[in-house]
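J.: output the structure for:
(one chain, ligands or ions: 1)
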Amino acid sequence: MSLKKIFSTKLVLLVLLLLVAVIAVPVSATDTPLFSIPGKTTVVFPNDGVSMFRSVDYGPLDIPEGLLVSSMSDDISSQSSNADEASYTLVTFDDVIPVRSNSISIPITLYGIDYTIFLEKMNFDPLNDGIDSYQGSIPGIDNSVVIITVGDDNIFYGSIQLPDDYIEIYPVQDRDHSLRTTQLLHVIYSQKDVVYNETSDVSFCGVDSTIDGIGLNFHNDDVISSLSNDLGEYDWAYINVLVVTDTEFYSMVPNWKVSAQQYMAQANYYFQRPDIKVVLSVIDYDDSKMSDISNHPSVKTQPWGSVSSVYLNNALSARNVDICLYLGGYDVAQDDYLGYAMTRHAWAQMKARSWGWFSPYDGSAPSRHCIIIHELGHMLRASHDYAYSWDVQDGSFWGYSTKYSVMTEGFRGSNHLCEFSSSNPSYHGDAFHDNAKYIRLAKHNVSRYRNSVL
Ligand SMILES: [Zn+2]
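T.: The predicted structure follows:
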């Protein structure tokens, strides 16, 4: 038998096997999303083949590329034939929290199991702006964390952290199309279903925070060292944050303030840990200067320079602000960074990194949480050098995966976690990888930047 013949016979067998495999795939219950709020969630996609998509112009949908890849389709409008393979669900929500009490309970269905979750309003948001964030856990699931943010017009954000899973819910329409409906489309997915290109290393951050560099040229300690400091490292520090944006991010999401608040809720969850004890109080979500930022000549090359030029230090102090976080809507690909922090200003890229073969930085909510918390960490003296990594046994090919703490340089996709390294045995790290300690030592000084006129 010729080599060609063997090859072609094998090929035919392979094709037959694949066909059998396709036919044998059971039809999954695609109209049951992995998360829902009974009575308040309507599934739009996947559906039973009667596509609602064709009658409604939803506009471009901000669904992570790695999810579309795992769904084997990049065209959701023609999905009815392979909707059973979709790894995400698109839904609308209806009035999830009608009365925004400080303590609430809502029924949810998670992976087919009903729970009632109890949530408390978070404490970092003094604004009376119709946007509220809540934190809680799922009864009976140890180490589960639920963080949600609700706005007007049925905007809902949810992050559900489980011991070995991470579920995200957020709106996927842009501002222009969202203004035409009160039934915003939201995506629901598990991070397990996102395909990352792990061979592609994405530079994360432009801060050169080598051990020697800390304190020498990064933080303006001269300004603050003269101020009295009668608070200890385990006393709470309240840092006033101004969150700002440009015209691009403003247009990219239905309501950028609700997005920003969910990200700040995530950041507060990690900064309010007992070994850190920082509250990041949001003074305002300010888009009054978004055109100034977008029109600044360095917005696409050095966006951190744009925000520090538009929001000068003395103007921040005049508003009682310590630090300013800029959520950037441009892909600053040429500089290889996704974030940068200076003394009182930081920039974090919200847009997916466009180059490469589905880059690990997909602009999804989890990746945004990561870069935001990383840059806020720098402003409080956390450093790449004290980041930590550890192995977790799992069902993967290698039997384990390596997890990375948030200050790791180089973005690691779903293995890049939001937590800070710590020598506290409740967390991951050791005496030599203890960014929590550096934050504790810096936090009271940062909370006094507002008194500085420089
Ligand atoms: Zn960094």
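
J.: please name the residues that touch residue 261.
T.: Applying Cβ atoms under 8 Å, 6 or more residues apart in numbering to residue 261 gives the contacts 125, 131, 133, 149, 151, 282, 285. No exception for glycine: its C-beta is placed from N, CA and C like everyone else's.

J.: turn the residues you listed into CSV, including distance to residue 86 and neighbour count.
T.: Putting the contacts of residue 261 into CSV (distance: Cβ to Cβ, whole Å; neighbours: other Cβ atoms under 10 Å) gives the following:
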residue, distance to residue 86, neighbour count
125, 34, 19
131, 30, 23
133, 29, 25
149, 25, 26
151, 26, 21
282, 35, 25
285, 33, 24
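
J.: in strands only, show me those residues.
T.: In strands, judged by DSSP state E, the following of the contacts of residue 261 are found: 133, 149, 282, 285.

J.: just those residues now: which is nearest the ion?
T.: Closest to the ion out of these is residue 282 (22.1 Å), distances taken as Cβ to the ion.

J.: verify the stated contact: the closest one with residue 125.
T.: Yes - A contact is recorded between residue 282 and residue 125 when judged using Cβ atoms under 8 Å, the distance being 5.8 Å.

J.: overlap in contacts of these two?
T.: Taking Cβ under 8 Å, 6+ apart as the contact criterion, the common neighbours of residue 282 and residue 125 are 261, 264.

J.: strands along the stretch 101-250 of the chain, start to end?
T.: With DSSP state E, counting those that start in this stretch as the criterion, the stretch 101-250 of the chain has strands at 103-110, 113-121, 132-137, 145-150, 156-162, 165-171, 186-190, 237-245.

J.: including mean pLDDT and distance to the ion, could the ones you listed go into CSV?
T.: Written out in CSV, the entries for the strands of the stretch 101-250 of the chain read as follows (pLDDT from 0 to 100; distance: least, Cβ to the ion, whole Å):
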stretch, mean pLDDT, distance to the ion
strand 103-110, 96, 34
strand 113-121, 97, 31
strand 132-137, 97, 25
strand 145-150, 97, 23
strand 156-162, 96, 22
strand 165-171, 95, 22
strand 186-190, 94, 27
strand 237-245, 97, 18
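
J.: can you redo those as a markdown table with distance to residue 379?
T.: Listed next are the strands of the stretch 101-250 of the chain as a markdown table, based on distance: least, Cβ to Cβ, whole Å:
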| stretch | distance to residue 379 |
| --- | --- |
| strand 103-110 | 32 |
| strand 113-121 | 26 |
| strand 132-137 | 21 |
| strand 145-150 | 22 |
| strand 156-162 | 23 |
| strand 165-171 | 25 |
| strand 186-190 | 31 |
| strand 237-245 | 9 |
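
J.: what's the closest of those to residue 402?
T.: If you check each of the strands of the stretch 101-250 of the chain against residue 402 by Cβ to Cβ, strand 165-171 wins as the nearest, at 16.2 Å.

J.: list of residues touching that closest one?
T.: When contacts are defined by Cβ under 8 Å, 6+ apart, strand 165-171 is touched by residues 34-35, 110, 155-160, 178, 184-192, 253-254, 259, 262, 364-366, 414.

J.: could you rerun that using 6 Å?
T.: 35, 155, 157-160, 184, 186, 188, 190-191, 254, 365 (Cβ atoms under 6 Å, 6 or more residues apart in numbering).

J.: any chance of TSV for the residues you listed, columns neighbour count?
T.: Putting the contacts of strand 165-171 into TSV (neighbours: other Cβ atoms under 10 Å) gives the following:
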residue	neighbour count
35	19
155	24
157	24
158	23
159	24
160	24
184	22
186	25
188	20
190	19
191	20
254	24
365	23
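
J.: which one among the contacts of residue 261 gets closest to residue 98?
T.: Sorting the contacts of residue 261 by distance to residue 98 puts residue 151 at the head of the list, at 13.6 Å, by Cβ to Cβ.

J.: for that closest one, which residues are in contact?
T.: With contacts taken as Cβ under 6 Å, 6+ apart, residue 151 has the following neighbours: 131, 255, 258.

J.: can you tell me how far the second one sits from residue 149?
T.: This means residue 255. 10 Å (Cβ to Cβ, to the nearest Å).

J.: over to residue 195?
T.: According to Cβ to Cβ, residue 195 stands 27 Å off from residue 149.

J.: next one: residue 417
T.: Distance from residue 417 to residue 149, counting by Cβ to Cβ: 20 Å.

J.: next one: residue 193
T.: Plainly put, residue 193 is 23 Å away from residue 149 if you go by Cβ to Cβ.

J.: give the closest residue to the residue of the stretch 151-300 of the chain found nearest the ion in space, chain neighbours not counted.
T.: Across the stretch 151-300 of the chain, no residue is closer to the ion than residue 205, which sits at 2.8 Å (Cβ to the ion). Of all residues not flanking residue 205 in the chain, residue 339 sits nearest, at 4.9 Å (Cβ to Cβ, 6 or more residues apart in numbering).

J.: touching, the one you found and residue 375? I think so.
T.: Yes - the pair residue 339 and residue 375 qualifies as a contact (Cβ atoms under 6 Å) at a distance of 4.4 Å.

J.: neighbour count: the two, which is higher?
T.: Each of residue 339 and residue 375 had its neighbours counted (other Cβ atoms under 10 Å), and the higher figure belongs to residue 375 (30 against 27).

J.: helix or strand for the more buried one, which one?
T.: helix 365-379 (DSSP states H and E).

J.: find the nearest non-adjacent residue to residue 436, please.
T.: With Cβ to Cβ, 6+ apart as the criterion, residue 436 has its nearest non-adjacent residue at 3.9 Å, and that residue is residue 422.

J.: tell me who's in contact with that neighbour.
T.: For residue 422, the contact set (Cβ under 6 Å, 6+ apart) comprises 275, 429, 434, 436.

J.: neighbour count, pLDDT and secondary structure added to those residues, as a markdown table?
T.: Converted to a markdown table, the contacts of residue 422 look like this (neighbours: other Cβ atoms under 10 Å; pLDDT from 0 to 100; DSSP: H, G, I helix; E, B strand; the rest coil):
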| residue | neighbour count | pLDDT | secondary structure |
| --- | --- | --- | --- |
| 275 | 18 | 97 | coil |
| 429 | 24 | 97 | coil |
| 434 | 21 | 96 | coil |
| 436 | 28 | 97 | helix |
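
J.: the closest residue to residue 300 other than its chain neighbours in helix, strand or coil?
T.: Taking Cβ to Cβ, 6+ apart as the measure, residue 300 lies nearest to residue 330, with 5.2 Å between them; neighbours along the chain are not counted. Here residue 330 is coil, with the state taken from DSSP: H, G, I helix; E, B strand; the rest coil.

J.: mind checking how far residue 330 is from residue 398?
T.: Looking at residue 330 against residue 398, where the rule is Cβ to Cβ, the gap reads 37 Å.
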